[in-house]
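Novice: only geometry, no sequence info:
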């Protein structure tokens, strides 16, 4: 009750900022149909390996350290030219309220590749009365420039779905909101806000609207105050606007405090709500949903971070049984801001 009373009594200046921030959000969403989206950085399990900023712009500068994260993901080692993705993400806190960040990425899938860069501005409203009471509302917006390229050098015949250009360059925007109150957190992100008419393909080949919405929530708890173990159940829901595709991640993560760091790991399960039809033995038609199981493990040692994830498809019909491997390397730097007395590892690094 005390936290609620304090928020109601917070400064008029904070309320004015919050009012105009919410107005900006509504303006963007109600006028979005007047703009011309493209899937940019795929949503994998990076958020489980201390890389929340990669999918949530509002997490730029949200923690008490500045962060740099490098990821490398490879799918299906036994498949030639299989998809692979590399990202480099940096974010920091400029002052008490302002956070900034940047992302570079490279995504390849056979003859098709993407290169891109994002810059992020975030604003953090602190309602906390002291380090005993984490209460932070954050807004973030990212603007990016992306180049798509199709290598047609080894094509032997004309494909009517391919336009005259082998490359195209366009821009897009992401927007996010995050809220941390003690051990509980919520995130919302709207990805690829702008619709983009692609020059690389004919307009009917790919939809111009590839907006995607993400919502996640979680809670971190320990069994007693002196217990080195803490646990974090969480969910991530994502939905694509144009195709009505939806998927849900159910996650369980555990932390163990060490003298100079923290050991962590867990399990994630992803299930799509849609199913694809396929034939079996040339006669029977079955439905199959996209399902992944992803174990992950990591270590924070002093200011260094290492994480590894392995995603395995549970579907009966798959291109390969090799699975998806991803490594995350990171470093926390800068002067540490005040740590809060809570189970909030995304803030207290």
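Specialist: Yes, it's here. Keep in mind that this is a model prediction, so the values were computed, not measured.

Novice: Confirm that residue 58 sits in a helix.
Specialist: Yes: assessed with DSSP: H, G, I helix; E, B strand; the rest coil, residue 58 lies in a helix.

Novice: count of residues packed around it?
Specialist: 28 (other Cβ atoms under 10 Å). C-beta: built from backbone N, CA, C; applies to glycine.

Novice: Can you tell me how far it is from residue 120?
Specialist: 9 Å (Cβ to Cβ, to the nearest Å).

Novice: can you list residues touching both of these two?
Specialist: Common neighbours of residue 58 and residue 120 (criterion: Cβ atoms under 8 Å, 6 or more residues apart in numbering): residue 140.

Novice: Paired strands for the one helix or strand residue 147 maps to, with orientation please.
Specialist: Element membership for residue 147 (DSSP states H and E) is strand 135-150. Paired strands of strand 135-150, with direction, are strand 112-126 (antiparallel), strand 167-181 (antiparallel) (DSSP bridges).

Novice: Can you tell me which of the ones you listed is nearest to residue 314?
Specialist: Closest of the strands paired with strand 135-150 to residue 314 is strand 112-126, at 26.2 Å (criterion: Cβ to Cβ).

Novice: So for this structure, the centremost residue is which one?
Specialist: Compute the mean C-alpha point of the chain, and by Cα atoms, centre = their mean the closest residue is residue 55, 2.2 Å away.

Novice: any idea how far residue 223 is from residue 343?
Specialist: From residue 223 to residue 343 the distance is 11 Å (Cβ to Cβ).

Novice: for residue 141, that is, sorry about that
Specialist: Residue 141 is 29 Å from residue 343, by Cβ to Cβ.

Novice: low-confidence ranges in the stretch 101-250 of the chain?
Specialist: Within the stretch 101-250 of the chain, the set of residues satisfying pLDDT under 70 comprises 151-165, 198-207.

Novice: I'd say residue 251 and residue 48 touch.
Specialist: Yes: under the criterion of Cβ atoms under 8 Å, residue 251 makes contact with residue 48 at 6.2 Å.

Novice: can you put the strands paired with strand 135-150 in TSV and add distance to residue 218 and mean neighbour count?
Specialist: Shown next, in TSV, are these (distance: least, Cβ to Cβ, whole Å; neighbours: other Cβ atoms under 10 Å):
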stretch	distance to residue 218	mean neighbour count
strand 112-126	19	19
strand 167-181	10	19
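
Novice: a markdown table for the ones you listed, including distance to residue 101?
Specialist: Converted to a markdown table, the strands paired with strand 135-150 look like this (distance: least, Cβ to Cβ, whole Å):
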| stretch | distance to residue 101 |
| --- | --- |
| strand 112-126 | 4 |
| strand 167-181 | 11 |
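
Novice: So residue 141 and residue 343 - more neighbours on which side?
Specialist: More neighbours surround residue 141 than the other of residue 141 and residue 343, with 21 against 18 (other Cβ under 10 Å).

Novice: What are the neighbouring residues in contact with the more buried one?
Specialist: With Cβ under 8 Å, 6+ apart, residue 141 has these contacts: 57, 120, 121, 122, 173, 174, 175, 176.

Novice: Using JSON lines, please lay out these together with distance to residue 66.
Specialist: Formatted as JSON lines, the contacts of residue 141 follow (distance: Cβ to Cβ, whole Å):
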{"residue": "57", "distance to residue 66": "16"}
{"residue": "120", "distance to residue 66": "13"}
{"residue": "121", "distance to residue 66": "15"}
{"residue": "122", "distance to residue 66": "13"}
{"residue": "173", "distance to residue 66": "24"}
{"residue": "174", "distance to residue 66": "20"}
{"residue": "175", "distance to residue 66": "22"}
{"residue": "176", "distance to residue 66": "19"}
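
Novice: Can you pick out the most distant pair from the residues you listed?
Specialist: 122 and 173 (13.9 Å).

Novice: just the helices in this structure please.
Specialist: Assigned by DSSP state H, the chain shows helices spanning 2-8, 12-30.

Novice: Go ahead and confirm residue 238 touches residue 192.
Specialist: No: counting by Cβ under 8 Å, residue 238 does not reach residue 192; the two are 11.9 Å apart.

Novice: Give the intersection of the neighbour lists for these two.
Specialist: residue 212.
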